[in-house]
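Student: Predicted model and sequence follow; I will ask about them next.
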Amino acid sequence: MTLDRTQWITRGLKRPAIYAITALTLLGGILAGNVQADPAADALAKLSDPTAIYASGDDLKKWCMQAFIDANAVEEGRARQEQIWTDMWTEIGAALAALPAEVAKAVVALPGKMFEAITGIPSWAFWVGGAVVVVLLGVGVWKLLVAAAPAAGHVVASRYLP
């Protein structure tokens, strides 16, 4: 949608007129020397007179108050932004301090994960299975020795077992 010249002119003149009225009101208060601590409140107090440009100056009061609210919001936003920025850098520092521990933990867990990725068998099952195989082979060899040469089994047992 494009604006033709008449729409641009009406929009273009409305805001500057409001800004000019606000500025002149504030400037008048400054020149008169009776400015209060809050220029927006001072401008609103001056607009309570019945000879204002608008009926009770409602429109101007509204825009002055809106400007005051916006100024407060900007100040609060700036403080909040600084707090968020500080929190972000604190969080980054904590994450960087914890990084070496996480890397060490990952390096320690890497061999087990590699074995499991290659074979598909969890490392604990591999070690338990290996222990079972070693025990069964040991018992099998013992039974063969005892069956083949009963005297040799007794000698081996007395020599190697306490």
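Tutor: It's in. Residues are numbered from 1 along each chain as shown.

Student: From residue 84, how far off is residue 104?
Tutor: Separation of residue 104 from residue 84 (Cβ to Cβ, to the nearest Å): 32 Å. In this view, the C-beta of every residue, glycine as well, is placed from N, C-alpha and C.

Student: typo on my end, it should be residue 18
Tutor: Distance from residue 18 to residue 84, by Cβ to Cβ: 34 Å.

Student: Neighbour count for those two, which is higher?
Tutor: residue 18 (16 against 10; other Cβ atoms under 10 Å).

Student: Isn't that one up against residue 63?
Tutor: Yes. The criterion here is Cβ atoms under 8 Å, and residue 18 meets it with residue 63 at 5.5 Å.

Student: Give me the three-state assignment for residue 63.
Tutor: Three-state call for residue 63 (DSSP: H, G, I helix; E, B strand; the rest coil): helix.

Student: For it, list the residues it contacts.
Tutor: In this structure, residue 63 makes contact with 18, 22, judged by Cβ atoms under 8 Å, 6 or more residues apart in numbering.

Student: Quickly list the domain ranges of this protein.
Tutor: 5-109, 121-162 (automatic domain parsing).

Student: quick one: the helices in the protein?
Tutor: Secondary structure of the chain (DSSP state H): helices at 5-32, 39-46, 58-119, 123-148, 150-160.

Student: TSV for the ones you listed, including mean pLDDT?
Tutor: Formatted as TSV, the helices of the chain follow (pLDDT from 0 to 100):
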stretch	mean pLDDT
helix 5-32	63
helix 39-46	61
helix 58-119	84
helix 123-148	85
helix 150-160	74
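
Student: List the buried residues in stretch 58-73.
Tutor: Using 16 or more other Cβ atoms under 10 Å as the test for burial, stretch 58-73 gives 60-61, 63-64, 67-68.

Student: mind putting the residues you listed in CSV, distance to residue 130 included?
Tutor: Below are those laid out as CSV (distance: Cβ to Cβ, whole Å):
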residue, distance to residue 130
60, 88
61, 86
63, 83
64, 84
67, 79
68, 78
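
Student: Among these, give me the pair with the biggest separation.
Tutor: The largest separation in these, counting by Cβ to Cβ, is between 60 and 68 at 12.5 Å.
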